[in-house]
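J.: got a structure for you, letters missing:
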């Protein structure tokens with residue numbers, strides 16, 4: 001999921017670990033804003049599901065999805081997820097994938113979310129190298145290995161996330177002198193696609209300057 005980022009990989013990992021167990025870790029990590037996890041991939045089929053399984057007219061399906069409570073939405077997503085795990089059942093259901101930009105906006109807004117404070121908390125825990133058990137810390141560092149290439153850093157890792165309207169990046173670094181830096185950047189509601197591409201193309205340069213250039217940090 002870190003090196004080959006995709007919703008399918010995320011869904012596989014959630015299923016392998018168990019969604020309930022993953023959701024328990026939210027409390028264990030003391031993440032106060034984090035939503036419960038659900039299937040990213042199954043959610044992409046929500047419009048087709050609502051029209052085919054709930055018999056909602058095509059011109060009203062998006063409004064129905066918008067008006068669903070979080071619990072109701074997740075209930076349907078998990079139902080789709082269970083069907084997808086059974087190849088024969090999924091083939092029989094034949095739910096169409098309908099992902100026009102209007103639906104993608106709803107899908108994006110309903111993805112699992114948390115605030116920057118929670119993400120920063122996780123970066124600090126990893127970067128401290130004393131919060132998690134030794135074997136777990138080693139596995140975390142192994143997973144993030146190679147995501148940041150900088151010879152001046154002793155330990156580092158990063159993970160980004162994006163939709164057509166969201167751009168995020170979380171990073172932790174420890175240099176060879178023991179100096180630690182954590183960075184979390186989150187953009188939402190990006191409607192201008194030209195601006196979106198500029199952000200996407202320059203976010204890594206911004207973070208690099210923020211970490212390595214003291215004068216640049218003073219300007220922030």
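T.: Received the coordinates, thanks. Since the structure is predicted, the reported quantities are computational estimates derived from the model, not experimental observations.
J.: how near is the residue nearest the centre of the chain to residue 146?
T.: Centroid-nearest residue in the chain, with CA atoms, centre = their mean: residue 161, separated by 5.4 Å. Shown here: residue 161 relative to residue 146, a distance of 18 Å by CB to CB, to the nearest Å. Glycine gets a C-beta too; all of them are placed from N, C-alpha and C.
J.: and if you look at residue 88?
T.: 39 Å.
J.: neighbour count winner among the two?
T.: A direct count of neighbours by other CB atoms under 10 Å for residue 88 and residue 146 places residue 146 higher, at 11 against 8.
J.: can you confirm that one is in a helix?
T.: No - per DSSP: H, G, I helix; E, B strand; the rest coil, residue 146 lies outside any helix segment and is coil.
J.: What are the phi and psi values at it?
T.: With angles defined as degrees, to the nearest 10, residue 146 sits at phi 90, psi -10.
J.: Just the pLDDT for it.
T.: Listed pLDDT for residue 146 reads 89.
J.: how's the protein carved up into domains?
T.: Listed domain ranges for the chain are 7-109, 116-219 (source: automatic domain parsing).
J.: Kindly check the end-to-end length of stretch 34-48 for me.
T.: This stretch, stretch 34-48, spans 28 Å end to end (CA to CA, to the nearest Å).
J.: Buried residues in stretch 188-204, which are they?
T.: The neighbour-count check on stretch 188-204 (16 or more other CB atoms under 10 Å) flags 190, 196, 199, 203 as buried.
J.: Take the residues you listed and lay them out in JSON lines including pLDDT, distance to residue 58 and secondary structure.
T.: Shown next, in JSON lines, are the buried residues of stretch 188-204 (pLDDT from 0 to 100; distance: CB to CB, whole Å; DSSP: H, G, I helix; E, B strand; the rest coil):
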{"residue": "190", "pLDDT": "94", "distance to residue 58": "28", "secondary structure": "coil"}
{"residue": "196", "pLDDT": "95", "distance to residue 58": "29", "secondary structure": "helix"}
{"residue": "199", "pLDDT": "96", "distance to residue 58": "34", "secondary structure": "helix"}
{"residue": "203", "pLDDT": "95", "distance to residue 58": "37", "secondary structure": "helix"}
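J.: Just give me the closest of these to residue 153.
T.: residue 203 (18.0 Å; CB to CB).
J.: Return the residues in contact with that closest one.
T.: Contacts for residue 203 (CB atoms under 8 Å, 6 or more residues apart in numbering) come out as 160, 167, 169, 185.
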